[in-house]
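[1] Build me a model:
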Amino acid sequence: MTVYVDDAVHPWRGQRWAHLMADTLEELHAMAARLDIPRRAFQNKTSGAHYDVPAALRERAITLGAVAISRHRERDLVKAVIARAKAQGRGEMP
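    Residues are numbered from 1 along each chain as shown. Predicted structure coming up:
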């Protein structure tokens, strides 16, 4: 199973942000804990279960084993990861 972090392209509050997603919610929450992201930051939405992470934290996630995925180069993989995150957000997956 895998934890993924996409490109940090979303501007907000003067920083660029990425999405931390995973094959399972258990893996997602475990990685967030390793990154010291509080559970209250979890976004359990039908748009996709994820955590938002600033660019610097994205790099740390990669160092800890998250797989960097690019919306520009790996479109099929990104679509599959997002589809899984959406299913998780709807409560269809663990």
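
[2] contacts, neighbours, all on C-alpha from now
    Will do.

[3] buried sites along the helix or strand of the chain with the lowest mean pLDDT?
    When the helices and strands of the chain are scored by mean pLDDT, DSSP states H and E, strand 10-12 comes last with a mean of 72. Residues of strand 10-12 include none that count as buried (16 or more other Cα atoms under 10 Å).

[4] ditto for stretch 48-65
    Within stretch 48-65, the residues that count as buried by 16+ other Cα under 10 Å are 48-55, 57-58, 61.

[5] Run through who's touching it.
    3, 5, 8, 15-22, 25, 28, 31-32, 35, 41-44, 68, 82-89 (Cα atoms under 8 Å, 6 or more residues apart in numbering).

[6] Please save the CA atoms from it in CSV.
    C-alpha atoms of stretch 48-65 as CSV (Å, rounded to 0.1, in the frame of the first residue of the first chain):
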residue,chain,number,x,y,z
GLY,A,48,-11.4,13.2,-1.8
ALA,A,49,-10.1,12.2,1.6
HIS,A,50,-6.8,14.0,2.1
TYR,A,51,-4.6,16.3,4.1
ASP,A,52,-3.4,19.6,2.6
VAL,A,53,0.4,20.1,3.0
PRO,A,54,2.6,23.1,2.3
ALA,A,55,5.5,22.6,-0.2
ALA,A,56,8.1,22.2,2.6
LEU,A,57,6.1,19.5,4.3
ARG,A,58,5.5,17.8,1.0
GLU,A,59,9.3,17.3,0.7
ARG,A,60,9.4,15.8,4.2
ALA,A,61,6.6,13.4,3.3
ILE,A,62,8.6,12.2,0.3
THR,A,63,11.6,11.7,2.6
LEU,A,64,9.4,9.6,4.8
GLY,A,65,8.3,7.4,1.9
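
[7] So for the top helix by length along the chain, what gets flagged as buried?
    If you go by DSSP state H, the chain has its longest helix at helix 75-89. Going by neighbour count (16+ other Cα under 10 Å), the buried part of helix 75-89 is 78, 81-82, 84-89.

[8] Now do the same contact list for the residue most central in space within the chain.
    In the chain, the residue lying closest to the centroid (Cα atoms, centre = their mean) is residue 20, at 1.4 Å. The contact partners of residue 20, by Cα under 8 Å, 6+ apart, come to 3-6, 28, 50-53.
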